[in-house]
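Trainee: Provide a 3D model corresponding to the input given below.
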Amino acid sequence: MSTEIINISKQEGNNQLYLTDNEGHSGKDNITTNVKPGDTVTWKLVPNGGIDQITGITAKPDSQDIFSVDPTPVNPNDPASDWTGTVSPDATGSESYSIGYKIGDEPFMDDPILKVNN
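Mentor: Numbers count the residues shown, from 1 in each chain. As a prediction, the model looks like this:
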């Protein structure tokens, strides 16, 4: 079991996410991060990356939920807190999920993918 890290910042010129992970994936709008059953996934705001707060990380309605411990803020009292979740030991397939975030007081949403490698 390992920790997969997804770094979150704002794209140049618009308010959409730019994501990078510790596997070397990066991209505008969405990336696919590979995880294994039992892994911890941590979402981190890039310092001075243009995103002020993660407001939620949830499975999309048409997607399976691969988490046994749903993503929550590490420090609920800190708006800039990292978020973390645990992939279920019996997870398979992939999950399309939504990241809610704020730039200033304005809310936004983006939809990356987590893929389980068994």
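Trainee: packing partners for the helix or strand hosting P107?
Mentor: Counting by DSSP states H and E, the element that carries P107 is strand 106-110. With contacts defined as 3 or more C-beta pairs under 8 Å, 6 or more residues apart in numbering; DSSP states H and E, the secondary structure elements packing on strand 106-110 are strand 94-103. In short, each C-beta sits where N, CA and C put it, glycine included.
Trainee: tell me the angle of the strand holding P107 relative to strand 94-103?
Mentor: Angle between the axes of strand 106-110 and strand 94-103 is 160 degrees (criterion: axes from the mean of the first three to the mean of the last three C-alpha atoms, to 10 degrees).
Trainee: off-centre distance for strand 106-110?
Mentor: Its chain's average C-alpha position is 13 Å from that of strand 106-110, according to C-alpha atoms, centre = their mean, to the nearest Å.
Trainee: got the buried residues for stretch 75-88?
Mentor: Residues of stretch 75-88 classed as buried under the neighbour-count rule (16 or more other C-beta atoms under 10 Å) are 81-88.
Trainee: hey, what's the residue nearest the centre of the chain bridged with?
Mentor: The structure's the chain has its C-alpha centroid closest to W43; by C-alpha atoms, centre = their mean the separation is 4.9 Å. With DSSP bridges as the criterion, the beta-bridge partners of W43 are I6, W83.
Trainee: residues contacting it?
Mentor: Shown in contact with W43 (C-beta atoms under 8 Å, 6 or more residues apart in numbering): 5-6, 8, 54, 57, 71, 82-84, 99.
Trainee: hmm, 10 Å instead?
Mentor: With contacts defined as C-beta atoms under 10 Å, 6 or more residues apart in numbering, W43 is in contact with 4-8, 19, 21, 54, 57, 71, 73-74, 81-85, 99, 101, 112.
Trainee: may I see the buried residues of the least confident helix or strand in the chain by mean pLDDT?
Mentor: For the chain, counting by mean pLDDT, DSSP states H and E, strand 113-116 ranks last in confidence among helices and strands (a mean of 80). Along strand 113-116, these residues count as buried under the neighbour rule (16+ other C-beta under 10 Å): 114, 116.
Trainee: note down every partner strand of that strand and its orientation.
Mentor: Taking DSSP bridges as the criterion, strand 113-116 pairs within the sheet with strand 32-35 (parallel), strand 94-103 (antiparallel).
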